[in-house]
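Q: Sequence and predicted structure, then a few things I'm wondering about:
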Amino acid sequence: MKMKFGLLSLLPSILLRVPFTLAQAEYDYIVIGGGTAGLAVANRLTENPNVTVVVLEFGQNVEDFPEVFIPGMIGAGRAFTELNWAYQTVPQPALQSRQPVINAGKALGGGTIINSMIFPRAERAQYDSWGAINNNDPNWTWDNLLPYFKKLEDFTPPNEFQTKVGGARFQPQFHGTNTNTSLPGGGRVKIGFPNFFFPQSTLWRTASGLKPSPDLDNGLPQGTVGVSANSLDAKNNTRCSSVCGYYTSFADRKNFVVLTGVLVTRILWSNSTISPLQAVGVEYRTASGDVKSFSVRKEVILSAGAIGSPKVLELSGVGNATILRAAGVEPVFELPTVGENFADHVHSWANGFTNISITKDSLLLDPAFNQSQVDQWFHNRTGLYAAAPRSLSLVNPSNLFSNKQQLSDALNGARRNLSHFAELFSNGNKNLAKGIEWQHNFTLTTWAQDSSAPVEINYEPGYSGPTPAGTRPARKYTAINAVLLGPLSRGRTHIASSDPSQPPAVNPAYYSHPLDVLTHVKGIQLGRKMLRTPPLGNIFEAEFEPGADKKTDADVEQWARQVVQSDNHVIGSLAMMPQDLGGVVDTRLRVYGIRNVRVVDASIIPFPISAHLESSVYMIAERASLSSC
């Protein structure tokens, strides 16, 4: 029987409406999680009026929070407090036993509520590799995924000001609009460029020395510099989250039910002795503590993210039996790589004092100026709070390593130790060790060919770094973020308790591979060099961090181990790979050994990609919603 399936993401609670169908006890699809992917898949499934979908989300609808809808307030107010799961990792040995926090949206809309709205795509070869690692499945390739990237977009091309002053560029063949798309349904997420640009961003793009990208979404961003499009409505300069794109205008659909403030406790199974296992419903807990459930006719869609989705599977008895029993959960189905193959981008900085008159720090340093900018945004949607400034460069190994022999030696060393690290990161699973070895081989080959970007360097027209306001000099800054996009380290995330309200033990194993450390240090050093390079160097006064006393790579490495943080791009914990390579889901996103549970979120991405994740997760949801079985 043919069945469509879709994605689940985090849904906002402001415009939440509960239609009469809430009273029903059974739905065709139950989506666990109302974040990036969950709302997208639920929206597309309910385009068929004969299909019923309920989305279960713990967070609330917060679309009316200024720190959510005003671009320049990213990270302010409640964004990283009450709207954030703030998963604290276990102590990281390579980071002096520090426990960095991984931010994840705790609201309807998930990460699209609190992220920086940066919307590029990764490299064509990386998407092609998703198909390659899955026995050369042609459906998971750049050419066959591009229509879904375009389908999700309601793209506003840059105007003359955004092009000439802001430096925005685009190639129309790579974008979609609300009506112009090769797939039915029309674009949902508003994508565009802001109407305010800091002039120092242009100085940095020149100082980078990289060739300008004609479009950071064209699948060939490596070795280029450009201005990223944002997930914002360019017509009124407001954030467009997955709530904006996939829910608010569709909340009246009687077959599209969203429940917020509910905590999913487990998936319910039919007779567990019958193979394959079959989901018959989902149990959840209300804010008042009542335990309830819905029955499912067709499928359960797991869309709770790379930390939340494996947690739900494990609470439901699916995973490594030893880990489940240790947490107090009775195993139902043995799938030992649930929660394994977990990876994250790693974030660090280089920053210095500047003599330029206006930076983002100006808002912090001058309360009267800050209020005038808030007033200006509400008056006409312009000014500093209209800005979502992100100029990006995707640097190749040759940009990072001036000494070619050092790069060659590092790559050769990684190849010699391929099996060692694959086994180390596989947590004793021989199939997963083969999968990680495949991933490492692919990564090292593209680096040797200088055809992939291990590091993103992006510019910040203000302070960016590890030192909180109030403990750093009250001055104006210019900063460069260095993000390790291609870590070879792999960790895991697993429940430590049978209590659904308790967070899992999250271990990204940061800096566990020596090539990660070496490459990231080179990225930080390149950022320091750019700060001093004209014309950006003309506004540079002195370095603040890492600091003038940090002269050598060894000095910077020691500093980095003390300060690096998550870039909040976690993936891979329910990887789309063959079972004999340690995968958890197949190329139709079905969990191996289970008849009717699919995963639609970043956890299926097999290995880290050279991009921020938002657009790729939307794409996965769009593709899933049009798949059938």
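A: Nice, I can see it.
Q: A strand includes residue 253, no?
A: No: applying DSSP: H, G, I helix; E, B strand; the rest coil, one finds residue 253 to be coil, outside a strand.
Q: Surely it is in contact with residue 46?
A: Yes: if you go by C-beta atoms under 8 Å, residue 253 and residue 46 touch, sitting 5.2 Å apart. For every residue, glycine as well, the C-beta is placed using N, CA and C.
Q: The lengthiest strand in the chain pairs with which strands, and in what direction?
A: Assignment by DSSP state E gives strand 291-302 as the longest strand of the chain. According to DSSP bridges, strand 291-302 forms sheet pairs with strand 26-32 (parallel), strand 279-285 (antiparallel), strand 597-599 (parallel).
Q: lowest-confidence helix or strand of this protein?
A: Using mean pLDDT, DSSP states H and E, the weakest-scoring helix or strand in the chain turns out to be strand 4-5, at a mean of 31.
Q: burial count for residue 450?
A: Residues lying near residue 450 (other C-beta atoms under 10 Å) number 16.
Q: residues touching residue 29, list them.
A: By C-beta atoms under 8 Å, 6 or more residues apart in numbering, residue 29 lies in contact with 5-6, 42, 45, 51-54, 296, 298-301.
Q: so where do the strands sit in the stretch 501-629 of the chain?
A: 505-507, 540-545, 565-566, 597-599, 627-628 (DSSP state E, counting those that start in this stretch).
Q: for these, which one ends up most surrounded?
A: Among the strands of the stretch 501-629 of the chain, the stretch with the highest mean neighbour count (mean count of other C-beta atoms under 10 Å) is strand 597-599, at a mean of 29.
Q: Which residues does it contact?
A: The set of residues external to strand 597-599 that reach it, using C-beta under 8 Å, 6+ apart, is 5, 267, 279, 299-303, 309, 574, 584-585, 588-591, 624.
Q: And for stretch 66-83?
A: Contacts of stretch 66-83 (C-beta under 8 Å, 6+ apart): 59, 62-63, 65, 86, 103, 105-107, 113-117, 194, 230, 232, 237-239, 241, 360, 363, 373, 377, 383-388.
Q: buried ones in that stretch?
A: Of the residues in stretch 66-83, 67, 68, 69, 70, 71, 72, 73, 74, 79, 80, 83 count as buried by neighbour count, 16 or more other C-beta atoms under 10 Å.
Q: any idea how far residue 357 lies from residue 459?
A: Distance of residue 357 to residue 459, computed by C-beta to C-beta, to the nearest Å: 17 Å.
Q: Which one's more surrounded, the two?
A: residue 459 (28 against 9).
Q: in what helix or strand does the nearest residue in space to that one that is not next to it in sequence lie?
A: Leaving aside its sequence neighbours, residue 459 sits nearest to residue 204 (C-beta to C-beta, 6 or more residues apart in numbering; 4.1 Å). According to DSSP states H and E, residue 204 maps onto helix 199-208.
Q: and after that helix, which helix or strand comes next?
A: strand 211-212.
Q: which helices and strands does that next one pack with?
A: strand 224-227 (3 or more C-beta pairs under 8 Å, 6 or more residues apart in numbering; DSSP states H and E).
Q: neighbouring strands for the helix or strand following the strand it packs on, and are they parallel or not?
A: Next helix or strand after strand 224-227 toward the C-terminus (DSSP H and E): strand 232-233. Sheet partners assigned to strand 232-233 using DSSP bridges are listed as strand 238-239 (antiparallel).
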